[in-house]
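Undergrad: Give me a model of this one.
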Amino acid sequence: MAAIELTEVTKSWGRTVAVGNISFTVDSGTFVVLLGPSGCGKSTTLRMIAGLEEMTSGKVMIDGRDMSHAPPSARRVSMVFQSYALFPHLDTRQNILFGLKVRRVERAEQERRLAQVAEMVGLDRLLDRKPSQLSGGQRQRVALARAIVAENSICLMDEPLSNLDAKLRHEMRVEIRALQERLGMTVVYVTHDQTEAMSMADKVILMREGRIEQTGTPDRLYDRPSTKFCAEFIGTPPMNILRLSDAGGAAVIAGSDGPAVVAGSGDGYELGVRPEHIGVAASGGVPATVDSCDYLGADTIVSAQIGAQEVLVRTPGRFGFAPGATIGLTWSADDTHIFNSGNGRREQGAAALSVTA
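TA: The predicted model follows:
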């Protein structure tokens, strides 16, 4: 069953379209991430689901009911904000229970829920502390506890980890996902961080300029990007996108005298290949000139030039070629992607070729 369903939802301010005619569903008990760069409309979409932002047009269904024009209080969803939204003059206990007190939930029921949730998120020994006495991670746990204690089946999260350092973000990613699975909550989570999306989501909705670019599982977006934008946005380092040129009835990398990489004409096409899918040989393959090598411990990121085009290669361990050296780049046709250089969409009919040493 769909816990949330958006149909042709649009939000405009005058002539500015923040969200343009988007539709998607969120199945009950799943973790769905709205992913995209700043200003793409993902937070506005979340706020329209919550009822905090009025739609220009479209329909929002929540648990089978039309909530398009219902106030936030009628939607029975919890929300976690980027800023935590804690009351500085209230202690942890009071912040967590604030919504229940407003709803006039009985005191005994409040205490029952508080004891359960505080232990669940590791706050049972911090209930008397004010927000100023808590770390960033602890304040985020208070915000999570406040959302959980409401016992709503749907939780909306807007960039909840962006104010935390890298170590805490990792810890909180694990905790949030574990809590979601344990409680069976439906979560819609907004982020610009692809690591959060890839590691937490059952489904990713990638947005761009107010529209949905691609929807699918994290591995689907990574392995089969439907557009060049998706290919470059998902993955670190991003996918290499290389221009092609014709050479005797086949296509080669523009500026290269290497082997053919696409059968037939390369006019209007670009070749995509991820850095980790490129092999390195002392000779053969597509010739490239090493610019720099960044050793990261487990692997090395090599920046090289094929003619005037930069290509990034992720190779295991320490890379042994000096800047200025000529190397050969190889890859399998199964690991490549061909995009239309005009509209940026994936081309299904073009045939990529493997490149060997």
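
Undergrad: And the helices in the chain, which stretches?
TA: With DSSP state H as the criterion, the chain has helices at 42-50, 72-75, 92-102, 107-120, 136-149, 166-183, 194-200, 218-223, 228-233.

Undergrad: so which of those gets nearest residue 159?
TA: Closest approach to residue 159 among the helices of the chain is made by helix 42-50 (7.3 Å; C-beta to C-beta). Backbone N, C-alpha and C define where each C-beta goes, glycine included.

Undergrad: which other residues reach the closest one?
TA: Helix 42-50 is contacted from outside by 4, 6, 9, 11, 18-19, 22, 34-36, 53-55, 60, 62, 72, 75, 77, 79, 156, 158-159, 188, 190, 192, 207, using C-beta atoms under 8 Å, 6 or more residues apart in numbering.

Undergrad: Please flag which of these sit within strands.
TA: 4, 6, 9, 11, 18-19, 22, 34-35, 60, 62, 77, 79, 156, 158, 188, 190, 207 (DSSP state E).

Undergrad: Quick check: closest non-adjacent residue to residue 169.
TA: The shortest distance from residue 169 to any non-neighbouring residue, by C-beta to C-beta, 6 or more residues apart in numbering, is to residue 161 (4.7 Å).

Undergrad: give me every residue that touches that neighbour.
TA: Each residue near residue 161 by C-beta under 8 Å, 6+ apart is listed here: 140, 168, 169, 172, 173, 191, 193, 196.

Undergrad: what's the pLDDT at residue 292?
TA: Residue 292 carries a pLDDT value of 94.

Undergrad: where's the closest residue to it other than its chain neighbours relative to residue 327, distance?
TA: Leaving aside its chain neighbours, residue 292 sits nearest to residue 303 (4.8 Å; criterion: C-beta to C-beta, 6+ apart). As for residue 303, its distance to residue 327 is 12 Å (criterion: C-beta to C-beta, to the nearest Å).

Undergrad: What of residue 83?
TA: 48 Å.

Undergrad: Give me the more crowded residue out of the two.
TA: For residue 83 versus residue 327, neighbours defined as other C-beta atoms under 10 Å are more numerous around residue 327 (21 against 12).

Undergrad: which residues does that one contact?
TA: 280, 281, 282, 287, 288, 289, 290, 304, 321.

Undergrad: And for residue 317, the neighbour number?
TA: When neighbours are counted by other C-beta under 10 Å, residue 317 comes out with 10.
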